[in-house]
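Visitor: What shape does this take:
(one chain, ligands or ions: 1)
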Amino acid sequence: MSPPTGFCHQTYNFRLDIDKRMWFSDESMTGRPRAPSTPSGSAGTLLELIRRGDATTKPDLVELTGLARSTVSQRVDLLISEGYVIVTGETRSTGGRPPMALEFNRDLGVVLAADIGATHSRFAVCDLNAEPLAEMSVDLLVGDGPDSVLGRAEDAFESLLSEADRTSNDVLGVGVGVPGPVDFFAGRAVHPPIMFGWHDYPIRDRLADRFSAPTLVDNDVNIMALGEHWTLDKPVDDLLYVKVGTGIGSGLILGGHLHRGARGAAGDIGHIQAGATDVVCRCGNTGCLEASAGGAALALQLAELGYETTNSRDVVELVAEGNQDALHALREAGRLLGEALSSIVNLLNPGLLLIGGDLAQPGQTLVAAVREVVYQRSLPLSTADLRIQESPLGDRAGVIGAAALVLDHILHADAVDASIRRPRRTVSA
Ligand SMILES: [Zn+2]
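Guide: As a prediction, the model looks like this:
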């Protein structure tokens, strides 16, 4: 696959520093997801072991990979000279010279992360562990169109970079989440219902050109799932993240990897048949889960009872005030959601089910209702190890996930190996 038009031209117009060699990889630029790396013992796979904390010394790596000590030593030295790994001191030894303690260099560069929402967006400059170094939240209408919104995003990134004392030359990747369906391979939104003017707009190419770095674009719920998965204390391979806001959507991590499906449409549970069959959904069908249990639907139901509710935030406010009608509506929504999710739990057997979005926030009402129904209706084996809880990251899941999205790509063992293999090039303007 060829790199986006204009990319090479632009890249050769500035002085290139060593950290950015990976950008010359066509594969890096296309955003095509990489297959899980195989334990080949390459420098990239050794880095993975160090990053995950599975290995902190060369003897650890020898033991884990079965490689010869000299091979491990040579590859680790390469990782150190390339800046991927730093030596943080000596470990305690049981005799002889203590081995060096190795650590992934999270400050090798930074990634830019954007979680673009319908009415507000969050931007961050993150280190290579997806930890934000500087971040901001901006009121921004996605319906203003891509030129306006991405222009604001670029300005936000520039000011966050200077706040973090970094420059665009330190940027190793850009991750973006948008509130609509995305063709992940093209890095473009596809007929997004609430993103006026964004259909087929080259989001990825614009930001890749602007920051001369691999850029990946995905839908907001997918990146939220990634953010939660990335920051878990105890790793879980199969995770289902459900966002209940105005609408309802989900992100699936299966076998440790985000599952996008054949065309990137996986996880759209809002349009599963559940609930009242006579309610017309915005998709044109009747009986969709979202049309009965989404925030917009609850606002409508409460408005019919005489409340001044026009959106999910109004519903959240009523619930927070302890309003019984609102609590009842939210509990019913939780039950419907639980019914839909119990089928999905039977099908996919996740280990962790996280509920996020506006409506997950007030107390535990929604989560409690979901929990009750799922444990009741799913098969015992599929719920034996299942935990159901509120999203730990809350409204920061998206921006951390956007960083995780691109970090998974640029720190993949193959990408690291490719960047090490590539000869040094110093190109001046
Ligand atoms: Zn629908």
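
Visitor: For this protein, which residues score under the pLDDT cut-off?
Guide: Applying pLDDT under 70 to the chain picks out residues 1-39, 91-95, 423-429.

Visitor: So it: which segments form each domain?
Guide: Domain ranges of the chain: 31-105, 110-213+397-409, 232-390, per automatic domain parsing.

Visitor: how far is the last one from where the chain is centred?
Guide: Domain 232-390 has its C-alpha centroid displaced from the chain centroid by 19 Å (CA atoms, centre = their mean, to the nearest Å).

Visitor: does any bit of it sit next to the ion?
Guide: Yes - with CB under 5 Å from the ion as the criterion, the ion is reached by domain 232-390 at H271, C281, C283, N285, C288. C-beta: built from backbone N, CA, C; applies to glycine.

Visitor: Just say helix, strand or coil for L216.
Guide: For L216, the assignment made with DSSP: H, G, I helix; E, B strand; the rest coil gives strand.

Visitor: May I ask which of the residues of domain 232-390 next to the ion has the most neighbours?
Guide: C288 (28 neighbours; other CB atoms under 10 Å).

Visitor: So A101 lies in a helix, does it not?
Guide: No - the assignment for A101, made by three-state DSSP, is strand rather than a helix.

Visitor: D408 looks like it's in a strand, true?
Guide: No - counting by three-state DSSP, D408 is not found in a strand; it is helix.

Visitor: Tell me how many other residues surround it.
Guide: Residues lying near D408 (other CB under 10 Å) number 21.

Visitor: same deal with E158?
Guide: 15.

Visitor: what's the answer for the one 10 residues further on, then?
Guide: When counting by other CB under 10 Å, one arrives at 16 neighbours for S168.

Visitor: With G177 as the reference, measure out to the residue lying closest to it once chain neighbours are set aside.
Guide: Closest residue in space to S168, ignoring its immediate chain neighbours: F211 at 5.5 Å, by CB to CB, 6 or more residues apart in numbering. According to CB to CB, to the nearest Å, F211 stands 17 Å off from G177.

Visitor: Also Q361?
Guide: 19 Å.

Visitor: Next: T215.
Guide: Here the criterion is CB to CB. By it, T215 lies 12 Å from G177.

Visitor: in the chain, which spans are strands?
Guide: For the chain, the strands defined by DSSP state E cover 85-90, 100-104, 110-116, 120-126, 132-139, 171-178, 182-183, 188-189, 215-219, 239-244, 248-254, 257-258, 352-356, 387-390.

Visitor: what sits up against the last one?
Guide: The contact list for strand 387-390, computed with CB atoms under 8 Å, 6 or more residues apart in numbering, reads 351-356, 360-361, 364, 367, 370-371, 374-375.

Visitor: Wait, S391 touches G356, no?
Guide: Yes - between S391 and G356 there is a contact under CB atoms under 8 Å: 3.3 Å.

Visitor: more crowded one of those two?
Guide: G356 (27 against 22).

Visitor: Quickly list what that one is bridged to.
Guide: When assigned by DSSP bridges, G356 has beta-bridge partners K243.

Visitor: and it, how far is that from V190?
Guide: From G356 to V190 the distance is 23 Å (CB to CB).

Visitor: which of the residues in stretch 170-189 are buried?
Guide: 170-182, 184, 186-189 (16 or more other CB atoms under 10 Å).

Visitor: brain fart, stretch 410-421
Guide: For stretch 410-421, by 16+ other CB under 10 Å, it's I410, L411, H412, A413, D414, A415, V416, D417, A418, S419, I420.

Visitor: Show me how far stretch 213-226 is from its chain's centre.
Guide: 5 Å.

Visitor: Would you check that V374 makes contact with N346?
Guide: No - using CB under 8 Å, V374 is not in contact with N346; the gap is 9.7 Å.

Visitor: These two - which one has more neighbours?
Guide: Neighbours per residue, other CB under 10 Å: of V374 and N346, the larger number sits with V374, 24 against 15.

Visitor: Could you report the neighbour count for L108?
Guide: Using other CB under 10 Å: L108 sits among 17 other residues.

Visitor: Also the one 3 residues further on?
Guide: Residue crowding around V111 was assessed by other CB under 10 Å; the count is 29.

Visitor: Kindly report the same for I355.
Guide: 25.

Visitor: which residues does it contact?
Guide: I355 is in contact with V242, V244, L366, V367, V370, I388, Q389, E390, S391, counting by CB under 8 Å, 6+ apart.
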